[in-house]
Structure formats: structure tokens, C-alpha cells
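*Asks:* starting from these lines, generate the structure:
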Amino acid sequence: MVLKNDNARKKILRELPLFARLSTELLAELVSGSRSATFSRGQTIVRSGDPANWLYVLLSGQVKLSLSSNRGSEKILDVIEAGRSFGEAELFGTRTFLAGAVALKPTQLLCIAGAPMRRVMSADPRVAERIIQLLAQRQIQMEAELAASHFCYGSHRLLEFFLGLAGPDRDRDTDTQITLSVSKRLLASRFDMQPETLSRALRDLTAAGLIVVDKSRISLKNANITRYLADETSAHSIILPERLRMPLSGGNGYAVVDSAAVAAKQNKHLRPFCDAINKAGRQRMLSQRLAKSWLMLERGVMSRRARLILRQSMDAFDSQMTELDMLAESTESRDACATLGQVWRPYRDLLESAPSQSGAQELFSINEDVLAAAQNLTLSFEKSDGTPQGRLVNLAGRERMLSQRAAKYFMFGNMGIQTSRCRAELKRSSEEFSATLAELASATEDQPKIKDELDKVAQHWNALQSAMNERKNASFAPIARKVFTTSENLLQRMDTAVNLYADLPG
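*Replies:* Sure, this is the predicted structure:
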């Protein structure tokens, strides 16, 4: 499409929703202040720091908006498809571009100058209102994506993205074919992942029978996806209490947002360390959950689900290490965070290896090193907080960890690894869990919502104890499945309880 004259530009402008029902006079003013521009693949449209004098409407092609560091790394903020615009925030706000724009394909733009845009907005408030709505929508989408990157795992975020591409009318009983319009490298950057993390997430979804990947084509196995999403214990492995779907930029997908976690973030200035205590405590739990899942793979029981949870938990641990590094303010917390990062790396390498009996021997000690480091980091945040509420968040978080620790020692004991120690640790974990549960209940007996949740926790804890005690009378595999599942159910309930303690008034 070549816009050789005013009539061609007028036709394009008239069809844009932003300028719907604009008067002939105002439309003519926009035409006089606009021009078309073409860019070849890889050509820069704007650079970071360039003055923002134009609003850009993409007529054809594809444009990426990205930030780059001095070290050469890149973060993709958005991929603009034909029919969308960019540059509004810069034109009416900072007047300079923070993100650069590069054509991913041969691209044609309609460029509208800022001065006539402002005059048109003054003369027709509907245009100003549409600009405000557009900017507000993008702000909400940005917040939704940020929350999703913190509270959801890579494989689940990708699945939600694919479902968004398929649209709301996909047939739940047949397969749906979608095509990725960007490379997997760009998709990984868009979701703030490393390429290998994206590849793992795709493999996990494939291993779970949810998708089939053929280069840029993705086949969604809708019947399996429906069952997967209906099963909370498998679909939402860490357990975000209430979910809210938000459209990603361009309406090309959906992100999952934990509304309770977002609210906690917004109120963080009232409880500056509760979020840090909760997050560091989650690392404690993940150190045990990772070992449990890896051992299930070694035993060959529930391999598909164990592999998915293992990958999700590794992604979560990586993501939270970055957040904890930013939250660590005291020297003690910074040192503890650095130590956790150091012991996490060899543990992660071991978890990436093929499960084996010899690897399990090494796992027995190394996962304890990670747990101890995460415990020290959690205690440093509790010390900085210095409130009764911070202590309750820490105690509830330890219960979350103990739910996985018990299942882990059950697995180690079955493999014949330090069986006497496993029995002793199981007994110690059981006693600590029961005593702490009573303390938590006593401290918040005037909170009916927490009391109800702790009652459910007690029921699931009893179920886990019963499952582990069945080992004497049944073969291993069915008992292992029950232990794994009940420990995940207990984790879900306890995670909800931790968030309730974190959300108490300071």
C-alpha cells in the first residue's frame, strides 16, 4: 500500500477507530499533518532518546518495541501488528522515547504530527477520551503482565497466551491450530524468559499432552487443556487463590493475575517486609518441593506431572531470586541473599540432570544447604520487620515448607537413603507442624476466615500423615501418588493461609 496523495491518507484516517466520526475539517487538518513512511526489515524507526514528535499507525508489517542495556541484552516490551498505533504516551507525556522501535518485517507507517493531533483533541473531546482509554488499557495490561511474571510460572503463562491467540470461541472438544507471528527468541524476550526457559516450558506443555509444536504452528489439545484447567492441583501448582484474566498487549493473549497478591503489592508501603518474608519463605518451600518432584521422576511415578511441577518450581525460584535481591535492604539480608544464590546454582544444575540413585545421594545434602540459606534469608527479613505479624507470616510459611519436607523424606526413605535419619526428620517435621498449627490458630482465634482455612489445613495434614503410614500395607506406586497429591493439596491450603496472615492489618 502506497499513500501517494491526501485522499489515500484521508481514507486510512477515517477508518481508524481513534478518529471515527471526525468532522471533515478536522480530518483535513490531520491529513495535512501526516505522512507515510516505509521501513525495511531490521531498520530502526525510532531510538531510545529520540524526540517524540509523531504518533505512528502501523498499516502493514510488524514492529517491536524494546529496551536495550549497555551490555547488549534486550527486553521486548511489545510487538505491534498492523492496525495498532504506538507513540501516544511519549507524544503526550515525556516527549522522548524510552523504548526503541525496529521493523521486524517490511513495514509501512502512517505518521501523524503532534501539533495537529493536539488541536484535533481540543476541538473534539471524543478523540481525547479515546486516547485516554487507550493509554489506560495499556497501563492495566502492563500491570497485569508484571503481576503474571511474578506470580505465574512460565509454562502456564505460555498456555494462557496460546489460549488468547485461539480466542474465546475455540471448540473445547477438538484441536485448535494457531500460528506464532514472532520468532521463539522474540517470544521468550516478550515474556522475560531465557530462550532455554521458553524451550523447557514448551516441552513441559508438550509432555503434559496440552500442545503439539510444529515450528511456528501450535496445536492446542483442547480436551486435555479443559481437564487440566479444571484440576486445580495440577493446573495452578502454586496456588494463586483467585484469578483474574487480563488481555495482553494487542489482545493477543491473556495473563493470569493473582488479585490478592496484586493488592498486597499495592499496600506494600503499609507492610514493607511481609512480602519479603513471604517470598523468602516460599524459597524454603520450593527447595523441598523440587527435591520431592525430582525423586518422583527417579521412581517413575506420576512422571508427567512431577516434571511439570519441577520446571515450574525452578522457574519460580529463579524469578524470586531477582525480586529478593531488590527487597534485601540490610547488610544481613543482602549477605543471606547472596549465599542463597550461591548454593542455588549447583542445586539447580543437579535438578537439570537425569534423575538417578547416585544423584539422589547428592540431592539429600544439597537441598538441605538451599533450605538453610533460604531460612536465614527469611529470618533476616523477619528481623528487619520486627512485628508480631511478620513472625506469623514466617511461621505460616514454614508450615508450607514442612508440607513438602515430609513428602520428600517419605521419598528418600523409600529409596533406602539414610532411612533412620528420614524417620527422625519425619517425626520432627510432624511435631513442628502440629505445634506451629496450634500456635497460629491461637494467635488469630478472632479471625474466622483464617480459622476456617487452618481447619482445612489440619484435615489435609491428617490426610498426608495417613497416606505416608499406608506404606506398610501396599505397594509403593499408589501410595507415592497419594502422598504426592495430598502434599500438593496441603500446600495449596497452606499457601492461602500464609497470604491471609500477610494481608492482616499491620
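
*Asks:* buried residues in stretch 315-332, which are they?
*Replies:* Asp315, Ala316, Phe317, Ser319, Gln320, Leu324, Leu327, Ala328, Glu332 (16 or more other C-beta atoms under 10 Å). For glycine as for every other residue, the C-beta is placed from the backbone atoms N, C-alpha and C.

*Asks:* farthest-separated two in the residues you listed?
*Replies:* Distances among those were taken as C-beta to C-beta; the most separated pair is Asp315 and Glu332, at 27.5 Å.

*Asks:* so what's the closest residue to Pro116 other than its chain neighbours up against?
*Replies:* Once flanking residues are discounted, Pro116 sits nearest to Gly33: 3.3 Å by C-beta to C-beta, 6 or more residues apart in numbering. For Gly33, the contact set (C-beta atoms under 8 Å, 6 or more residues apart in numbering) comprises Ile112, Ala113, Ala115, Pro116, Met117.

*Asks:* so what's the third one up against?
*Replies:* When you say that, I think you mean Ala115. Contacts of Ala115 (C-beta under 8 Å, 6+ apart): Gly33.

*Asks:* how far away is it from Ser23?
*Replies:* 18 Å (C-beta to C-beta, to the nearest Å).

*Asks:* and what of Ala123?
*Replies:* Shown here: Ala123 relative to Ser23, a distance of 8 Å by C-beta to C-beta.

*Asks:* which one of those two has more residues nearby?
*Replies:* Neighbours around Ala123 and Ser23, counted as other C-beta atoms under 10 Å, are more numerous at Ala123. The numbers are 14 against 11.

*Asks:* could you pull out the strands for the stretch 301-450 of the chain?
*Replies:* In the stretch 301-450 of the chain, no strands are found when defined by DSSP state E, counting those that start in this stretch.

*Asks:* what does the stretch 51-200 of the chain give?
*Replies:* Under DSSP E, counting those that start in this stretch, the stretch 51-200 of the chain gives strands at 54-60, 62-68, 74-81, 85-86, 100-103, 107-113, 175-179.

*Asks:* run through the neighbouring helices and strands of the longest one.
*Replies:* Yep, that's strand 74-81 we're talking about. If contacts are counted by 3 or more C-beta pairs under 8 Å, 6 or more residues apart in numbering; DSSP states H and E, strand 74-81 sits against strand 62-68, helix 184-190.

*Asks:* those: lowest mean pLDDT?
*Replies:* Among these, helix 184-190 has the lowest mean pLDDT, at a mean of 80.

*Asks:* buried residues in that one, which are they?
*Replies:* Buried residues in helix 184-190 (16+ other C-beta under 10 Å): Leu186, Leu187, Ala188, Ser189, Arg190.

*Asks:* now stretch 452-464: buried residues?
*Replies:* Neighbour count says stretch 452-464 has Glu453, Leu454, Lys456, Val457, Ala458, His460, Trp461, Ala463, Leu464 buried, by 16+ other C-beta under 10 Å.

*Asks:* what's the per-residue pLDDT of the last one here?
*Replies:* Spelled out, that is Leu464. 94.

*Asks:* ok, and the closest non-adjacent residue to it?
*Replies:* Once flanking residues are discounted, Leu464 sits nearest to Thr486: 4.5 Å by C-beta to C-beta, 6+ apart.

*Asks:* ok, the one you found - contacts?
*Replies:* His460, Ala463, Leu464, Ala467.

*Asks:* now Ser442
*Replies:* With contacts defined as C-beta under 8 Å, 6+ apart, Ser442 has no neighbours.

*Asks:* all numbers from here: first residue = 19
*Replies:* Shifting the count to begin at 19 puts that one at Ser460.

*Asks:* and it, how far from Asp353?
*Replies:* Ser460 is 34 Å from Asp353, by C-beta to C-beta.

*Asks:* can you check Ser86 too?
*Replies:* 32 Å.

*Asks:* point to the helix or strand of this structure where mean pLDDT is at its lowest.
*Replies:* Ranked by mean pLDDT, DSSP states H and E, the helix or strand of the chain with the weakest confidence is strand 272-276, at a mean of 28.

*Asks:* returning to what we had before: turn the helices and strands packed on strand 92-99 into TSV, including distance to Pro124.
*Replies:* Below are the helices and strands packed on strand 92-99 laid out as TSV (distance: least, C-beta to C-beta, whole Å):
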stretch	distance to Pro124
strand 80-86	9
helix 202-208	17
